[in-house]
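[1] Here is a sequence together with a model predicted from it:
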Amino acid sequence: MKDVATALGRLEELAIEVPSWAYGNSGTRFKVFSTPGTPRTIQEKLADAAKVHELTGLAPTVALHIPWDKVEDYSALREYAADLGVELGTINSNTFQDDEYKFGSLTHSDPAVRQKAVDHMYECLEVMNMTGSQDLKIWLADGTNYPGQGNIRARQDWLAESLRKVYDRLGEDQRLVLEYKFFEPAFYHTDIPDWGTSYVHCAALGEKAKVCLDTGHHAPGTNIEFIVAQLLRLGKLGSFDFNSRFYADDDLIVGAADPFQLFRIMYEVVRGGGLESAAGVAFMLDQCHNIEGKIPGQIRSVLNVQEMTARALLVDTTALEIAQNEGDVLTANGIFNDAFYTDVRPALAEWRESRGLPADPMTAFKASGYQKKINEDRVGGQQAGWGA
Ligand code: PSV
Ligand code: MN
């Protein structure tokens, strides 16, 4: 195995973007529980996100969702974030909550609806110009529920046409990241169901279009690390939306359901050069905290990504390659697993302390009194939720 200190040295390169919506209330179609201290405004969401960064040193940027986080003055919001010690990150578009989008947005058969969705993307690009954000994330709820309901072939053409309009407006340093999901809210067919479809559109668009891989958007049993390896190989892995799932798009804490899967994904990231900034892979969370504390939920999430990255960095790649080339199946498997089973938590605690961070950010959050303070301060008003 590689030396722990050398491996941890590379962790400096890891930054994980947190989503503004993780700090708001969320739930299932059965119930949304409200929680004391939940932010009422984007400014309060940013304050909570800044706390996560302050205690972990891992989350310097915050993704916004438009229109959920719409404000009058984005330059002021940018400064507000900077004063808190964070920056505004990816702008997530939203073409799934307007009545006109019932049968699709960028893929709708009606050109007027497609144009409305394109105009929303233009609005997001303008927001990006003011926030200094690099990425426009597009996830579409588009699809159909019944065979025959829509022209699945024509919808691909409309999608390509709409995406082209958006792509052509990107600024020099801006990118479009296209997220795929094989089901929900449409159940018969989804217009961007898989990485291949996303890749096909991104390849046609050009260099500034990349694939967004949301770890919750695959069928059970899908080998996600293979997709990571392939997209890195093609230079098309733009970003991750990290979360974890037992059944579907559960949006649970990344690494909670299957830490070994997260380790395997991070191993492919490391191997494919995805940790290096030149690779341009943005690591983001896309999660909801329905029953657990939201801020500690986010702290635990970024720590999980860091921990599995640290373990991935421990893999003795030289020995592994030799075993692989010799066809020594069990030695290769053993080398891989040795890294996964290594407890890096004490080394990570030391690593944090050496950087002036709390050894245990979860305990530090509890001791900080921050939750008590926001519970007392944030009384009245409308708590933020999925849609506000
Ligand atoms: C859709 O399930 C998704 O993963 C997209 O990224 C959305 O923007 C996000 O969830 C909303 O939570
Ligand atoms: Mn997502």
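    Okay, I see it. Residues are numbered from 1 along each chain as shown. Ligands and ions are numbered 1, 2, ... in the order given.

[2] Can you tell me which residues in the protein are near ligand 1?
    Taking C-beta under 6 Å from any ligand atom as the measure of proximity, the chain contacts ligand 1 at 21, 92, 139, 179, 181, 214, 241, 249, 286. (C-beta placed from N, C-alpha, C; glycine too.)

[3] Now the two most distant members of those residues.
    21 and 181 (16.3 Å; C-beta to C-beta).

[4] Where do the helices of the stretch 51-200 of the chain begin and end?
    Remark: helices assigned in the stretch 51-200 of the chain by DSSP state H, counting those that start in this stretch are 74-84, 111-131, 152-167, 195-205.

[5] what helices or strands is the third one leaning on?
    This means helix 152-167. helix 111-131, strand 135-138, strand 175-179, helix 195-205 (3 or more C-beta pairs under 8 Å, 6 or more residues apart in numbering; DSSP states H and E).

[6] Check the offset of the first one from the chain's centre.
    Its chain's average C-alpha position is 21 Å from that of helix 111-131, according to C-alpha atoms, centre = their mean, to the nearest Å.

[7] repeat for stretch 126-139
    Centroid separation for stretch 126-139 versus its chain: 15 Å, with C-alpha atoms, centre = their mean.

[8] Check what contacts stretch 50-63 and list those residues.
    With contacts defined as C-beta atoms under 8 Å, 6 or more residues apart in numbering, stretch 50-63 is touched by 14-20, 45-46, 49, 81, 84-92, 137, 284, 295, 298-299, 302-303, 305-306, 352, 355, 357-358, 361, 364-365, 368, 370.

[9] buried subset of the residues you listed?
    Using 16 or more other C-beta atoms under 10 Å as the burial test, the contacts of stretch 50-63 include 14-20, 45-46, 49, 81, 84, 86-92, 137, 284, 295, 298-299, 302-303, 305-306, 352, 357-358, 361, 364-365, 368, 370 as buried.

[10] Filter these down to the ones in strands?
    Of those, the ones assigned to strands by DSSP state E are 18, 19, 87, 88, 89, 90, 91, 92, 137, 284.

[11] So which of these is the closest to ligand 1?
    residue 92 (4.7 Å; C-beta to the nearest ligand atom).

[12] ok, and for stretch 347-357, which residues are buried?
    347, 348, 351, 352, 357.

[13] Kindly provide the distance from the residue nearest to residue 66 when sequence neighbours are not counted to residue 182.
    Closest residue to residue 66 apart from its sequence neighbours, by C-beta to C-beta, 6 or more residues apart in numbering: residue 124 at 5.4 Å. Plainly put, residue 124 is 24 Å away from residue 182 if you go by C-beta to C-beta, to the nearest Å.

[14] go on, residue 133?
    Look at residue 133 and residue 182: by C-beta to C-beta, they are 27 Å apart.

[15] Between the two, which has more neighbouring residues?
    Taking other C-beta atoms under 10 Å, residue 133 and residue 182 do not tie; residue 133 has more neighbours (25 against 19).

[16] Any idea what the closest residue to that one other than its chain neighbours is bridged to?
    Spatial nearest neighbour of residue 133, chain neighbours left out: residue 91 (5.0 Å); criterion: C-beta to C-beta, 6+ apart. Following DSSP bridges, residue 91 is listed with bridge partners residue 64, residue 136.

[17] Now do the contacts for residue 91.
    Contacts of residue 91 (C-beta under 8 Å, 6+ apart): 63, 64, 66, 124, 127, 128, 131, 133, 135, 136, 137.

[18] run the last query once more with 6 Å
    64, 124, 127, 128, 133, 136 (C-beta atoms under 6 Å, 6 or more residues apart in numbering).

[19] Just the CA coordinates for stretch 46-61, please, in PDB.
    Only the C-alpha atoms of stretch 46-61 are listed here, as PDB (Å, rounded to 0.1, in the frame of the first residue of the first chain):
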ATOM      1  CA  LEU A  46     -25.100  30.500   2.300                       C
ATOM      2  CA  ALA A  47     -24.400  31.000   5.900                       C
ATOM      3  CA  ASP A  48     -25.100  27.400   6.700                       C
ATOM      4  CA  ALA A  49     -22.900  26.300   3.700                       C
ATOM      5  CA  ALA A  50     -20.100  28.500   5.000                       C
ATOM      6  CA  LYS A  51     -20.300  26.800   8.300                       C
ATOM      7  CA  VAL A  52     -19.700  23.400   6.500                       C
ATOM      8  CA  HIS A  53     -16.600  24.900   4.800                       C
ATOM      9  CA  GLU A  54     -15.300  26.500   8.000                       C
ATOM     10  CA  LEU A  55     -15.300  23.200   9.800                       C
ATOM     11  CA  THR A  56     -14.100  20.900   7.000                       C
ATOM     12  CA  GLY A  57     -12.100  23.100   4.700                       C
ATOM     13  CA  LEU A  58     -13.700  21.000   1.900                       C
ATOM     14  CA  ALA A  59     -16.600  23.000   0.600                       C
ATOM     15  CA  PRO A  60     -15.600  26.400  -0.800                       C
ATOM     16  CA  THR A  61     -18.500  26.700  -3.300                       C
END
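
[20] For the nearest residue to residue 315 once chain neighbours are set aside, give me its contacts.
    Nearest in space to residue 315, with sequence neighbours left out and distances taken as C-beta to C-beta, 6+ apart, is residue 339 at 4.3 Å. Counting by C-beta under 6 Å, 6+ apart, residue 339 touches 1, 311, 314, 315.

[21] Between the residues you listed, which sits nearest ligand 1?
    residue 311 (25.9 Å).

[22] now for the helix or strand encompassing that closest one, which elements pack on it?
    Assessed by DSSP states H and E, residue 311 sits inside helix 294-313. Other helices and strands packing on helix 294-313, by 3 or more C-beta pairs under 6 Å, 6 or more residues apart in numbering; DSSP states H and E, are helix 42-56, helix 259-271, helix 361-368.
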